[in-house]
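[1] predicted model and sequence follow; I will ask about them next.
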Amino acid sequence: MTTRTVSYTGDPFFGVWNFGGRLRSYDSHTEVLVIHRSDLDLCTGTDLQWALLRAEEEGGPEKVHVTSVPEEHADVEGVPVEDVVFELVDGALTVSFEFWDEFPKEEEEGELELVVAALQPLLARHRANLISVSGDDYSGVVRIWNVQLGFKLRGRKLAALFDAGMDMLNLMQALAGGKMTRESAGNVVRGGRADVLIGQPEGHWLEVKSQHYDLQTPSGQISLAQAVSRFCNSEDGGMIVVGMSTKKSPEGEYIRKLNPMPVRPGVVRTYHRVLENRLFPLVRDLRIEAISSGPDSEIVLVDIPPQPEELKPFLVSGTIIDGKVDGAFISIVRRRGEGSVPTTAQEIHSTLVAGRALLRRGHLPPDHSGQGAISEDYPETTPAKSMGT
């Protein structure tokens, strides 16, 4: 007997759904089946399609929504859900999402073709096909677009299908003029539209470089490690795009143009190796990608998600003093705006003292410095966990 990762017991309209061993209830009043984002790693697309086909015959749900709230609240009625939805259409499992853009003063011909063309690089990257794209005008103010994606499901987890939908949603929101975030900007670059970043300011989560770091030299290696550590030690993470140049203005640095570089085989592996040797601890969920930007040219994207506080501060092995490399030192830097802020000796000492006290006595030492036993940049849990590993 085949063991499936998605199933339900009882009437699918009132019964309990099982997603990889986690039970989820179908709300028959709102006709919404909500699962948690963590469930997606446990289940396959094939099994969800099979369960929804059975449920459809008996009057059960045709759509599955996903929530990212803390798991203990996943079954609360009216819980907020993500914009990407699993849906059964003509017997096939699809992923759909909606996005909107401002309604133009005069309808522009070819707008649909532009949407379809913008999706093509990510469709290829995620091995997806575009089932349909439709746009509806709303009150003459905005146009609401609906995008439906299809996949070959064999061997693919729901998480991969959902991530594909989120990547394309973020791309379309960025192209439609929504607020640019690290996530949406990353998907713009991955989708082959790095040009959308032109005019964006460098800031607390974005940095660009016109050329590769010189990773054959210690100074270039340290420069890369420090750039990544700045974002690791900040609250929001960040993104480095190698292959774009900036221009100075009174308000700061703004991205001026694309500057793609010749394709360099093994560049992603080299970036990873340098960071593994120069930056401690290892960066969680770090993504480094070489993205085609035309014939024989590429852009390198270094995407740094926000890091757990207990891993901070991230330390760089070696530093540059008066233009010379000194491997006996370590450096600790944080990103602030478009610049860097060094971590002071007092902050480092406070963190070490507090960590030792927590390990030995289970409580913090009294504050004799007048500045507090732990700096505000490093919460109480930081020293105990990082020094205990």
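    Perfect, thanks for sending it.
[2] I figured Arg143 hits Asp136, correct?
    Yes. Using C-beta atoms under 8 Å, Arg143 is in contact with Asp136, at 7.0 Å. C-beta coordinates here come from the backbone N, C-alpha and C atoms, glycine included.
[3] look at those two and report which has more neighbours.
    Neighbours per residue, other C-beta atoms under 10 Å: of Arg143 and Asp136, the larger number sits with Arg143, 18 against 11.
[4] in three-state terms, label Glu113 for me.
    Following DSSP: H, G, I helix; E, B strand; the rest coil, we place Glu113 in the helix state.
[5] contacting residues around it?
    Contacts here follow C-beta atoms under 8 Å, 6 or more residues apart in numbering; on that basis Glu113 touches nothing.
[6] and it, how close does it get to Leu119?
    Note on Glu113: its distance to Leu119, by C-beta to C-beta, to the nearest Å, is 11 Å.
[7] which parts of the stretch 251-389 of the chain are helices?
    All helices of the stretch 251-389 of the chain, identified by DSSP state H, counting those that start in this stretch, fall at 267-278, 345-361, 381-388.
[8] worst average pLDDT in those?
    For these, mean pLDDT drops lowest on helix 381-388, to a mean of 31.
[9] does the residue nearest in space to the middle of the chain count as helix, strand or coil?
    A centroid search over the chain (C-alpha atoms, centre = their mean) returns Glu183, at 4.7 Å, as the residue closest to the centre. Assigned with three-state DSSP, Glu183 falls in the helix class.
[10] any idea how far the closest residue to it other than its chain neighbours is from Gly318?
    Counting by C-beta to C-beta, 6 or more residues apart in numbering, Glu183 lies nearest to Asn170, which is 5.4 Å off, once chain neighbours are set aside. Asn170 sits 36 Å away from Gly318, taking C-beta to C-beta as the criterion.
[11] same question, Asp75
    For Asp75, the distance to Gly318 (C-beta to C-beta) stands at 51 Å.
[12] the two - which one has more neighbours?
    Using other C-beta under 10 Å, the more surrounded residue of Asp75 and Gly318 is Gly318, with 19 against 15.
[13] from what I see, that one and Leu224 are in contact.
    No. Taking contacts as C-beta under 8 Å, Gly318 lies outside contact range of Leu224: 11.5 Å.
[14] okay, and the common contacts of these two?
    Shared contacts of Gly318 and Leu224 (C-beta under 8 Å, 6+ apart): Arg278.
[15] contacts only, for Pro305.
    237, 284-286.
[16] closest to Gly21 out of those residues?
    Nearest to Gly21 among those, counting by C-beta to C-beta, is Asp285 at 24.4 Å.
[17] against Leu42, how distant is the closest one?
    Look at Asp285 and Leu42: by C-beta to C-beta, they are 19 Å apart.
[18] higher neighbour count, the two?
    Taking other C-beta under 10 Å, Asp285 and Leu42 do not tie; Leu42 has more neighbours (16 against 10).
[19] how close does the more buried one get to Met166?
    The value you get for Leu42 to Met166, if C-beta to C-beta is used, is 18 Å.
[20] grab the nearest non-local neighbour of Phe280.
    Closest residue in space to Phe280, ignoring its immediate chain neighbours: Leu315 at 5.0 Å, by C-beta to C-beta, 6+ apart.
[21] pretty sure the one you found contacts Ser229?
    Yes. Look at Leu315 against Ser229 with C-beta under 8 Å: they come within range, at 7.4 Å.
[22] of these two, who's got more company?
    The neighbour comparison of Leu315 against Ser229 (other C-beta under 10 Å) goes to Ser229, with 28 against 19.
[23] shouldn't the more buried one be within a strand?
    No. Under three-state DSSP, Ser229 sits outside any strand and is assigned helix.
[24] neighbours of the closest residue to it other than its chain neighbours, just the number please.
    The shortest distance from Ser229 to any non-neighbouring residue, by C-beta to C-beta, 6+ apart, is to Phe314 (4.4 Å). Per other C-beta under 10 Å, the neighbour tally for Phe314 reads 23.
[25] surely Phe314 meets Leu282?
    No. Contact criterion C-beta under 8 Å: Phe314 and Leu282 do not qualify, at 9.5 Å.
[26] joint contacts of these two?
    With C-beta under 8 Å, 6+ apart, Phe314 and Leu282 have no common neighbours.
[27] do you know how far the residue nearest to the centre of the chain is from Arg287?
    11 Å.
[28] cool, and Phe19?
    From Phe19 to Arg287 the distance is 27 Å (C-beta to C-beta).
[29] which residues are in contact with the closest residue to Val300 other than its chain neighbours?
    Nearest residue to Val300, sequence neighbours excluded (C-beta to C-beta, 6+ apart): Val242, at 4.1 Å. Val242 makes contact with 208-209, 211-213, 261, 299-302 under the criterion C-beta under 8 Å, 6+ apart.
[30] now those as TSV including distance to Ser7 and pLDDT?
    Formatted as TSV, the contacts of Val242 follow (distance: C-beta to C-beta, whole Å; pLDDT from 0 to 100):
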residue	distance to Ser7	pLDDT
Val208	48	95
Lys209	50	95
Gln211	54	95
His212	50	95
Tyr213	50	94
Met261	50	94
Ile299	44	96
Val300	44	97
Leu301	39	97
Val302	41	98
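[31] most neighbours among those, please name it.
    Sorting those by how many neighbours each has (other C-beta under 10 Å) puts Val302 first, at 26 neighbours.
[32] next one, pLDDT for the nearest residue to it once chain neighbours are set aside please.
    Of all residues not flanking Val302 in the chain, Ile240 sits nearest, at 4.1 Å (C-beta to C-beta, 6+ apart). At Ile240, the predicted lDDT confidence score is 97.
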